[in-house]
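**Student:** Whatever this is, show me its structure:
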Amino acid sequence: MTDKPTLNGCELTSRELELVRAEIESLDVIERATDEMRELIASRWPHLLAKLHLAKLHSPEAELDGERRKERAPTCDGPSGPSRRPD
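**Tutor:** As a prediction, this is how the structure comes out:
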């Protein structure tokens with residue numbers, strides 16, 4: 001694969017990918033997942049797709065929470081230190 005995997009707009013290292021996979025494997029069902037997480041699972045570990053809850057949750061609370069996440073703009077820790085995620 002040529003695309004670097006990302007989550008929350010940050011590139012993932014091989015170690016981070018291993019941790020994400022291990023966490024997903026430890027769960028019976030994933031009730032809520034972002035589109036980005038769903039794409040990551042589908043592209044990297046299609047055998048784990050069955051753990052994703054089929055219905056996406058759409059609620060005013062989820063939308064509000066999404067707006068709060070945008071306002072906080074998470075940082076990515078890279079080789080040169082923390083940097084802001086591009087908007």
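
**Student:** tally of neighbours for the closest residue to R44 other than its chain neighbours?
**Tutor:** Of all residues not flanking R44 in the chain, P5 sits nearest, at 6.6 Å (CB to CB, 6 or more residues apart in numbering). Every C-beta, even on glycine, is put in place using the N, C-alpha and C of the backbone. Burial measure for P5: 18 neighbouring residues, criterion other CB atoms under 10 Å.

**Student:** Correct me if wrong: P5 contacts I41.
**Tutor:** No - in this structure, P5 sits apart from I41 without contact. The criterion is CB atoms under 8 Å, and the distance is 10.5 Å.

**Student:** so where's the protein uncertain?
**Tutor:** With pLDDT under 70 as the threshold, the chain has low-confidence stretches at 1-2, 54-87.

**Student:** So which residues of this structure form helices?
**Tutor:** Here the chain has its helices, by DSSP state H, at 14-26, 35-44, 60-72.

**Student:** Report the inter-axis angle for the first one versus helix 35-44.
**Tutor:** Going back to what we said before, that points to helix 14-26. Interaxial angle, helix 14-26 versus helix 35-44 (axes from the mean of the first three to the mean of the last three CA atoms, to 10 degrees): 90 degrees.

**Student:** can you list the residues that contact helix 14-26?
**Tutor:** Counting by CB atoms under 8 Å, 6 or more residues apart in numbering, helix 14-26 makes contact with 5, 7, 12, 30, 40-41, 44-45, 48, 51, all of which sit outside it.

**Student:** In ChimeraX, select just the buried ones from those residues.
**Tutor:** Buried subset of the contacts of helix 14-26, written as a ChimeraX selection, criterion 16 or more other CB atoms under 10 Å:
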select :5,7,12,30,40,41,51
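
**Student:** I am finished for the moment; much appreciated.
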